[in-house]
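Student: For reference, the sequence and a predicted model appear below.
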Amino acid sequence: MNAMREESRSVWMDVEVAPDAAPLTEDTKTDVVVVGSGIAGLSIAYELVLRGQSVLVLDRGPIAGGMTSRTTAHLAPICDDSLAELLSMRGKELAQGFQASQSAAVDRIETIQQELGIDCEFRRLDALLFLDPKSKPSVLDDEVEAAGEIGVAVERGEGLPLRTLEDRPYLRYPEQATFHPLKYLRGLAEALQEKGARFHPFSAVAKISEDKTGVHIALETGHTVDASFVVVATNSPIHDLFALHTKQAPYRTYAMGFEIERVALADALYWDTEDPYHYVRLTSGSDGKDVLIVGGEDHKTGEANDAHVRFAALTSWIKTLVPELYRWSGQVMDTLDYGAFIGREAHRNRTFVTTGDSGQGITHGVVASLIIPDLIEGKENKFATVYEPARKPTKAAMTFVSENSTAITNLAKYLAPGELASVEELEPGQGAIIRDGLTKIAAYRAEDGTLYQRSAVCTHLGCHLQWNAFETCWDCPCHGSHFAPDGTVLNGPAIAPLAEIPTGSDAEAEA
């Protein structure tokens, strides 16, 4: 069934990546298996192919159809959680390493699109951080001081070409960038296929194991892939139950696209100092116009079901009366210390991981392609320490407690009453949690009246699911799994679908 509603559609989604790729239908072997086909998966695959490795890419959905297709494509090496926070959390040396790696990722995208002749609207431009009215002016002072320590070029300015912001102070970071992410990945995929890489969409992985001979990938279909190494490049890792998931948390973020006249707004990346912050950028539209992308209003995944309120707030914030073209949401995995987890999986020799984009999934994904191929070949990498998956962010102890309290609160919710008394109360297009004795049911009634009843327990670690009316899916607030109304897994770390709860007639038949 269609997992997402048409009103949740990003500005990039008209571009298909590797549309002729087919599901895996036989057992096979390769040098490296990459699980996940977003910016991280395809970037890693490309670097490995250049080094002479045979590569096979697997995805549970379409190629590049996951969270990368829901990005807003800021190519800004500046830490998403502020330079001052980064410096405080990681210290000067690691903060400098973070900045250098993020800049290297943008440089690599620029080089690849030039070498392959990919028309993906890549361009260098300014990034402008402006003061939110609720923030203290010292916030910008702290950022300037941190930028000096880390070695980031920054200039002060005042007055922005956005209504109500004409006299607002801001910081200008030169030589940032932006592009069309799916046009870029389409070109990258074409180059990969020409070099012999194999893509298999709709080929969900059920199990990853390794021994001295290599790694063994089992698909839900029963087919297998044997390889020397595996790279898990999914939004949230599907092979790990605890270690990484306790060090990152899922957040849903919202974005909208508005059509404006070309050159009505200077082409730049804009974001403010509010928490959570708002951001603005431009991309090409149709008929000689631009699309103004506005985003923000983040919240912890599964802890709100009020997308209409979030979009209303974005509309109010931008203060511009223009026709709305697109609106969508996506999920980011925020780590405790702002850096992704990239490298060799702890306690494994042949399994590598990249996760924890912390709002910078595009650059983090390419950073992974600069690190993991070196590690696979047994080489040292200057950025590896910055993103070591086994690191323990000791300075984020309180954040660790607060983020992981979601699971405890969530389990308590399972004992609470259901949202509706019975499935008879469900309206067409509505989903709700319904209690049936000691069981909670994730129930959804389709527009045609078809009733879906599934277990309300996430198949990853048993957390209680929440209905997402905008995306028409079930969200897990603990670790970010998403399920379609029929129980199909849309996003990991869950692998198994939701258990089916028999309807009244089915239960009688079974009896």
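Tutor: On my side now, so go ahead.

Student: Could you tell me whether residue 42 really is in a strand?
Tutor: No - inclusion of residue 42 in a strand is not indicated when DSSP: H, G, I helix; E, B strand; the rest coil is applied; the result is helix.

Student: That one reaches residue 66, doesn't it?
Tutor: No - the criterion here is C-beta atoms under 8 Å, and residue 42 misses it with residue 66 at 11.3 Å. The C-beta positions use only the backbone N, C-alpha and C, and glycine is treated the same way.

Student: Those two: who's more crowded?
Tutor: Relative neighbour count places residue 42 above the other of residue 42 and residue 66, with 32 against 24, counting by other C-beta atoms under 10 Å.

Student: Contacts only, for that one.
Tutor: Residues near residue 42 by C-beta atoms under 8 Å, 6 or more residues apart in numbering: 57, 64, 185, 188-189, 192.

Student: let's see it at 6 Å
Tutor: Listed by C-beta atoms under 6 Å, 6 or more residues apart in numbering, the contact partners of residue 42 are 185, 188.

Student: That one and residue 342: what is the separation?
Tutor: Using C-beta to C-beta, to the nearest Å, one gets 15 Å for the distance from residue 42 to residue 342.

Student: what's the distance between stretch 198-217 and the middle of its chain?
Tutor: For stretch 198-217, the separation from the chain centroid amounts to 22 Å (computed by C-alpha atoms, centre = their mean, to the nearest Å).

Student: what's the average pLDDT for that stretch?
Tutor: Looking at stretch 198-217 alone, the average pLDDT works out to 94.

Student: End to end on it, go ahead and measure it.
Tutor: The distance separating the two terminal residues of stretch 198-217, taken as C-alpha to C-alpha, to the nearest Å, comes to 15 Å.

Student: Next, the buried residues of that stretch.
Tutor: 198-205, 208, 210, 214-217 (16 or more other C-beta atoms under 10 Å).

Student: go on, stretch 436-448?
Tutor: Burial within stretch 436-448, assessed by neighbour count using 16+ other C-beta under 10 Å, is assigned to 440-446.

Student: Tell me the span between the first and last residue of that stretch.
Tutor: End-to-end span of stretch 436-448 (C-alpha to C-alpha): 24 Å.

Student: what does it contact?
Tutor: 423, 426, 428-434, 451-454, 456, 465, 474, 485, 501.

Student: wait, which of the buried residues of stretch 436-448 is closest to residue 103?
Tutor: Comparing the buried residues of stretch 436-448 against residue 103 with C-beta to C-beta places residue 442 closest, at 43.8 Å.

Student: give me the element the closest one is part of.
Tutor: Secondary-structure assignment from DSSP states H and E places residue 442 in strand 439-445.

Student: quick one, the helix or strand following that strand and strand 439-445 angle?
Tutor: Helices and strands here follow DSSP H and E; after strand 439-445, the next one along the chain is strand 451-455. Relative orientation of strand 451-455 versus strand 439-445 (axes from the mean of the first three to the mean of the last three C-alpha atoms, to 10 degrees): 150 degrees.

Student: how far is strand 451-455 from where the chain is centred?
Tutor: From the chain centre to the centre of strand 451-455 is a distance of 27 Å (C-alpha atoms, centre = their mean).

Student: circling back: with distance to residue 226 and secondary structure added, can I get the buried residues of stretch 198-217 in TSV?
Tutor: Formatted as TSV, the buried residues of stretch 198-217 follow (distance: C-beta to C-beta, whole Å; DSSP: H, G, I helix; E, B strand; the rest coil):
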residue	distance to residue 226	secondary structure
198	14	strand
199	18	strand
200	15	strand
201	20	coil
202	21	coil
203	15	coil
204	18	coil
205	13	strand
208	12	strand
210	10	strand
214	6	strand
215	7	strand
216	6	strand
217	8	strand
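
Student: would you say residue 125 is within a helix?
Tutor: No - when three-state DSSP is applied, residue 125 is found to be strand, with no helix at that position.

Student: need the contact list for it.
Tutor: With contacts defined as C-beta under 6 Å, 6+ apart, residue 125 is in contact with 267-268.

Student: Low-confidence stretches in the stretch 251-400 of the chain?
Tutor: Low-confidence segments of the stretch 251-400 of the chain, defined by pLDDT under 70, span residues 251, 297-309, 311-313, 316-338, 357-359, 393-400.

Student: where do the helices sit along it?
Tutor: 307-318, 361-376, 397-413 (DSSP state H, counting those that start in this stretch).

Student: before we move on, what about the stretch 401-511 of the chain?
Tutor: When assigned using DSSP H, counting those that start in this stretch, the helices of the stretch 401-511 of the chain occupy the ranges 504-510.

Student: And the stretch 1-150 of the chain, by the same measure?
Tutor: In the stretch 1-150 of the chain, the helices defined using DSSP H, counting those that start in this stretch lie at 39-50, 83-116, 138-150.

Student: buried ones in the longest one?
Tutor: By neighbour count, and taking 16+ other C-beta under 10 Å as the criterion, the buried residues in helix 83-116 are 83-87, 89-90, 94-106, 108-110, 112-113.

Student: now the angle from it to helix 361-376?
Tutor: Between the direction of helix 83-116 and that of helix 361-376, the angle (the same axes, to 10 degrees) works out to 80 degrees.

Student: by contact count, what packs against helix 83-116?
Tutor: Helix 83-116 sits against helix 138-150, helix 361-376, with contacts defined as 3 or more C-beta pairs under 6 Å, 6 or more residues apart in numbering; DSSP states H and E.

Student: Just give me the closest of the buried residues of stretch 436-448 to residue 16.
Tutor: Compare each of the buried residues of stretch 436-448 with residue 16 using C-beta to C-beta and the shortest gap goes to residue 446, at 26.4 Å.

Student: quick one, what contacts residue 468?
Tutor: For residue 468, the set of contacting residues under the criterion of C-beta under 6 Å, 6+ apart consists of residue 475.

Student: For it, name its beta-bridge partners.
Tutor: When bridges are assigned using DSSP bridges, the partners listed for residue 468 are residue 473.

Student: ok, now residue 128?
Tutor: For residue 128, the beta-bridge assignment (DSSP bridges) gives partners residue 172, residue 270.

Student: Could I get the pLDDT score of it?
Tutor: According to the predicted model, the pLDDT of residue 128 comes to 92.

Student: one step back: need the buried residues of stretch 436-448 in CSV (columns: pLDDT and distance to residue 231).
Tutor: Output for these, formatted as CSV (pLDDT from 0 to 100; distance: C-beta to C-beta, whole Å):
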residue, pLDDT, distance to residue 231
440, 83, 36
441, 87, 37
442, 87, 32
443, 89, 38
444, 89, 34
445, 90, 40
446, 88, 37
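
Student: ok, so of the residues you listed, who is nearest residue 262?
Tutor: Relative to residue 262, the closest of the buried residues of stretch 436-448 is residue 446; by C-beta to C-beta it sits at 41.1 Å.

Student: before we move on, back to that, with distance to residue 138 as extra columns, can I get the buried residues of stretch 436-448 in JSON lines?
Tutor: Supplementary listing: those in JSON lines, determined by distance: C-beta to C-beta, whole Å:
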{"residue": "440", "distance to residue 138": "47"}
{"residue": "441", "distance to residue 138": "51"}
{"residue": "442", "distance to residue 138": "47"}
{"residue": "443", "distance to residue 138": "50"}
{"residue": "444", "distance to residue 138": "48"}
{"residue": "445", "distance to residue 138": "52"}
{"residue": "446", "distance to residue 138": "53"}
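
Student: Okay then, goodbye and thanks.
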